[in-house]
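Visitor: Output the structure for:
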Amino acid sequence: VIHATPQSDYDYQLTQYRKHHAEFQVLKEDNQKAPTLDNQQKALQAAKQTIISRDTTKIAYIELILDSIRSQKITQDYVLQAEKDLVSAREFYISQINLAKNIISIEDLTNFTLEYLEAQLPYQSQIIKAQATRKLAILNRLQINTQNAYDGLLPSISDNTLNPVVAGLNRINQLSKSINETLQTSIQMVNDSEVSNYSKQSFFNKQIEKLFNIKNFQIELVNILVDLEQNYAN
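Guide: Presented below is the predicted three-dimensional model:
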């Protein structure tokens, strides 16, 4: 039995959406070249199917991010808020699929599209912020695990006065402090951001540098822990 994962479901839905979108483009051109009632109906049906497929893909993407965030098992407010936002975005796209099913005329399609473009803006923003939260939650989880490893290692070090041990422990404390401060700054930045589809590139660019710093600090921290464990622990 093949169990669908959020990733495989998203990949499948995205493939379906691209297929429907391509079919719609062909039928739209046919209708423009020969605007018969039959061609118009075919193009309208294809547009409707494309909309439903697009929003089904968005729901699958929301499930993918939600699953990834939840799997970090972090109960801090910023994570719980992202989960809530994703659930409300999912509800919105489910409601849009139900509305799209009622499209039977060109006028319906036009009205639906105009209302949709306006109504989805806050949900787009929530999804973009949740993408950033997901990255932060993964780094946050790694930091918690590293702290646990450090707490477990400390009692097993036979001589805390050795120079390499003193230097290692001091550096771990410095790195932990830097990581935690950068994480908090990033979390605050995501919370305070007013982000849209147009500004998401600069939003992510601002995040990238901080995330890169956290990652490098964490790699250094883990390497010191491994060194201490291998060479100085009982």
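Visitor: Can you tell me the centre-most residue of the chain?
Guide: Geometric centre of the chain, nearest residue: residue 131, 2.7 Å, by CA atoms, centre = their mean.
Visitor: Let me see the contact set for that residue.
Guide: Applying CB atoms under 8 Å, 6 or more residues apart in numbering to residue 131 gives the contacts 65, 204. Where you see a C-beta, it was placed from the backbone N, CA and C, and this is true even at glycine.
Visitor: Please report how far it lies from residue 137.
Guide: Note on residue 131: its distance to residue 137, by CB to CB, to the nearest Å, is 11 Å.
Visitor: cool, residue 51 as well?
Guide: 31 Å.
Visitor: Tell me, how many residues neighbour residue 93?
Guide: Residues within reach of residue 93, counting by other CB atoms under 10 Å, total 22.
Visitor: what about it, is that helix, strand or coil?
Guide: Using DSSP: H, G, I helix; E, B strand; the rest coil, the structure places residue 93 in helix.
Visitor: so it touches residue 57, yeah?
Guide: No - counting by CB atoms under 8 Å, residue 57 is not a contact partner of residue 93; they are 9.3 Å apart.
Visitor: average model confidence for the helix or strand hosting residue 110?
Guide: If you go by DSSP states H and E, residue 110 is part of helix 106-119. The average pLDDT for helix 106-119 rounds to 97.
Visitor: Would you mark the buried spots in it?
Guide: Neighbour counts over helix 106-119 (16 or more other CB atoms under 10 Å) mark 109, 112, 116 as buried.
Visitor: Rebuild these as JSON lines, extending it with distance to residue 68.
Guide: JSON lines is the format used below for these (distance: CB to CB, whole Å):
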{"residue": "109", "distance to residue 68": "34"}
{"residue": "112", "distance to residue 68": "31"}
{"residue": "116", "distance to residue 68": "27"}
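Visitor: on that earlier part again, how close does the residue nearest to the centre of the chain sit to residue 82?
Guide: Per CB to CB, residue 131 is found 9 Å from residue 82.
Visitor: again with residue 185
Guide: Taking CB to CB, one finds residue 185 at 17 Å from residue 82.
Visitor: thinking again about what came up before, hey, what's in contact with both of residue 131 and residue 137?
Guide: Common neighbours of residue 131 and residue 137 (CB under 8 Å, 6+ apart) do not exist.
Visitor: one step back: okay, buried residues for the strand or helix carrying the residue nearest to the centre of the chain please.
Guide: Taking DSSP H and E as the criterion, the element that holds residue 131 is helix 121-153. By 16+ other CB under 10 Å, the buried positions in helix 121-153 come out as 123-140, 142-143, 146, 150, 153.
Visitor: what do you get for stretch 208-223?
Guide: Under 16+ other CB under 10 Å, the buried positions of stretch 208-223 are 210-211, 214, 217-218, 221-222.
Visitor: repeat for stretch 64-78
Guide: For stretch 64-78, burial by neighbour count (16+ other CB under 10 Å) applies to 64-69, 72, 74, 78.
Visitor: Tell me the one among the residues you listed nearest to residue 99.
Guide: residue 66 (22.7 Å; CB to CB).
Visitor: and the closest one, which of the three is it?
Guide: helix.
Visitor: what's near enough to touch it?
Guide: Residue 66 neighbours (CB under 8 Å, 6+ apart): 6, 83, 86-87, 90, 130.
Visitor: three-state assignment of residue 161?
Guide: Going by three-state DSSP: residue 161 is coil.
Visitor: Then residue 102?
Guide: Under three-state DSSP, residue 102 comes out as coil.
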